[in-house]
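Colleague: this is a predicted model, with the sequence first.
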Amino acid sequence: MPKTTPPDEADLTGVAARTSPKPTVETVGGRKLKPATLMMGHGYDPMLSEGSLKPPIFATSTYVFPNAAAGKRHFEGVTGKRPGGAEGLVYSRFNGPNQEILEDRLALWEEAEDALVFSSGMSAIATLFLSMVKPGDTIVHSGPLYAATETLIARILGRFGVHWLDFPAGATREEIDTVLSKASSGNVALIYLESPANPTNALVDVEAVSASRDAIFKGANKPPIAIDNTFLGPLWAQPMRQGADIVVYSLTKYAGGHSDLVAGGVLGSKEHINTIRLMRNTIGTICDPNTAWMLLRSLETLELRMSRAGENAVKVCNFLKTHPKVDRVGYLGFLEEQGDARQADIYRRHCAGAGSTFSLYLKGGETEAFAFLDHLKIAKLAVSLGGTETLASHPAGMTHLSVPEARKKALNITDSLVRISIGVEDADDLIADFGAALDAI
């Protein structure tokens with residue numbers, strides 16, 4: 001363990017080998033620094049860890065209290081007797097230096113008040129739901145959602161008396177009003193969105209959802225809006241600017257970005273994060289120190305990786321859209337030219353870029369989709385997205401296999417659909433790979 005000076009009363013609000021209390025955002029010459037710059041050192045003081053440029057990995061299960069009074073104060077935060085979490089390090093199920101530095105840096109990307117990290121994207125979503133809903137409550141959500149999220153809502157929470165209603169990802173304000181009005185006869189505990197939707201890439205009008213919520217629900221009855229921002233965040237979309245209260249991430253994807261870790265994150269106001277933290281403390285869904293350390297490494301290149309992948313996606317999709325064996329490319333950058341006025345309007349208002357994950361609808365069905373996938377040489381046949389390598393998968397037969405056939409049909413998750421996540425390889429090499437695989441159909 002790095003040596004630190006013995007803590008005195010003034011030190012007890014800080015964290016050894018991390019920093020003083022929650023660090024403020026740095027400025028230079030009056031200029032507020034961008035997240036890409038702050039990823040290199042925000043939330044960490046090398047002088048508290050023997051001058052180590054990078055934070056050490058704190059492989060410990062528990063932490064020594066400087067005195068009994070400090071231990072009591074820390075547990076007051078952990079148990080919720082005092083909001084905001086522990087004042088210092090307590091136990092690895094609750095907090096740790098690597099996780100807290102990571103949470104500080106994650107919050108910067110969307111200017112959130114606070115953040116929490118989890119052992120997976122689904123553990124983040126599950127902890128969010130468990131902290132917000134009780135038997136008899138209703139979750140209103142957009143559709144489609146990631147298949148495991150839909151399963152969690154309908155099949156697992158449903159067993160405990162939680163109800164749900166949904167609306168399609170591209171729903172208009174009027175359609176959203178209809179669903180929320182119907183749901184308002186009960187207690188709506190949470191409005192949960194996913195945009196773009198997995199795997200169709202359909203966008204949700206977060207501004208319309210927020211306006212509808214504010215018109216129908218008042219005061220203490222107003223449910224928070226949470227959104228899975230994995231596909232576009234944080235570079236190409238920041239939904240709290242459109243009215244979302246809580247943002248969810250599978251940090252496995254673009255944030256991790258190297259297909260070598262599994263983690264999740266939740267960002268939002270201190271009030272909401274405190275509620276979710278208490279549940280995380282109880283059920284132990286925090287990510288481990290090594291994973292947090294790896295994510296700190298990855299955040300340093302997040303903007304570079306996402307930018308390169310986005311540039312590649314433009315070139316690849318421009319090739320794919322004219323190929324005779326392609327029926328349609330569900331790429332956000334094509335919404336205007338494809339004549340989808342509703343989705344194009346949402347894209348203009350909500351997004352700073354089209355991303356690098358898209359849906360590819362081939363002419364034919366499962367046979368053609370499988371032939372295409374089996375002939376790829378550079379792109380890897382694997383689920384997940386947002387890594388440095390290009391990945392391709394068949395949602396209907398893989399990630400969304402458990403979704404009932406009628407719902408898959410309603411959500412346009414067809415046998416001809418292939419989901420592609422473009423990586424940082426050479427774009428011309430990827431085009432050659434996709435071209436050869438299409439020719440093999």
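Modeller: In hand now; what should we look at? Note that the coordinates shown come from a computational prediction; the quantities given were computed from them, not determined experimentally.

Colleague: the residue lying closest to Leu152 once chain neighbours are set aside: neighbour count?
Modeller: Nearest residue to Leu152 in three dimensions, chain neighbours excluded: Ala126, at 6.1 Å (Cβ to Cβ, 6 or more residues apart in numbering). Bear in mind the C-beta positions are built from the backbone N, C-alpha and C, glycine included. When neighbours are defined as other Cβ atoms under 10 Å, Ala126 has 21 of them.

Colleague: could you say what helices and strands the helix or strand encompassing Ala126 packs with?
Modeller: Here Ala126 sits within helix 121-132, counting by DSSP states H and E. When contacts are defined as 3 or more Cβ pairs under 8 Å, 6 or more residues apart in numbering; DSSP states H and E, helix 121-132 sits against strand 114-118, helix 147-151, strand 188-194, strand 246-250, strand 264-268, helix 270-283.

Colleague: just the CA atoms of it, as CSV, please.
Modeller: This file holds the C-alpha atoms of helix 121-132, laid out as CSV (Å, rounded to 0.1, in the frame of the first residue of the first chain):
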residue,chain,number,x,y,z
GLY,A,121,-24.4,-3.0,-17.3
MET,A,122,-27.2,-5.3,-16.2
SER,A,123,-26.2,-5.1,-12.5
ALA,A,124,-26.4,-1.3,-12.9
ILE,A,125,-29.9,-1.6,-14.5
ALA,A,126,-31.1,-4.1,-11.9
THR,A,127,-29.8,-2.0,-9.0
LEU,A,128,-31.5,1.0,-10.5
PHE,A,129,-34.8,-0.8,-10.8
LEU,A,130,-34.6,-2.4,-7.3
SER,A,131,-33.9,1.0,-5.7
MET,A,132,-36.8,2.7,-7.5
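
Colleague: give the next helix or strand downstream of it.
Modeller: Assigned by DSSP H and E, the successor of helix 121-132 is strand 138-143.

Colleague: pLDDT of that next one, averaged?
Modeller: What strand 138-143 shows for mean pLDDT is 97.

Colleague: residues contacting that strand, please?
Modeller: Identification of contacts with strand 138-143 by Cβ atoms under 8 Å, 6 or more residues apart in numbering yields 129, 133, 150, 153, 157, 162-169, 171, 179-180, 183, 186-195, 197, 204, 209, 223, 411.

Colleague: of these, buried ones?
Modeller: Buried subset of the contacts of strand 138-143 (neighbour count, 16 or more other Cβ atoms under 10 Å): 129, 133, 150, 153, 157, 162-164, 166-169, 171, 179-180, 183, 188-195, 197, 204, 209, 223, 411.

Colleague: quick one on the thing from earlier: got the helices and strands packed on helix 121-132 as CSV, with mean pLDDT and distance to Thr27 columns?
Modeller: Formatted as CSV, the helices and strands packed on helix 121-132 follow (pLDDT from 0 to 100; distance: least, Cβ to Cβ, whole Å):
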stretch, mean pLDDT, distance to Thr27
strand 114-118, 98, 21
helix 147-151, 92, 39
strand 188-194, 98, 33
strand 246-250, 98, 25
strand 264-268, 98, 22
helix 270-283, 96, 22
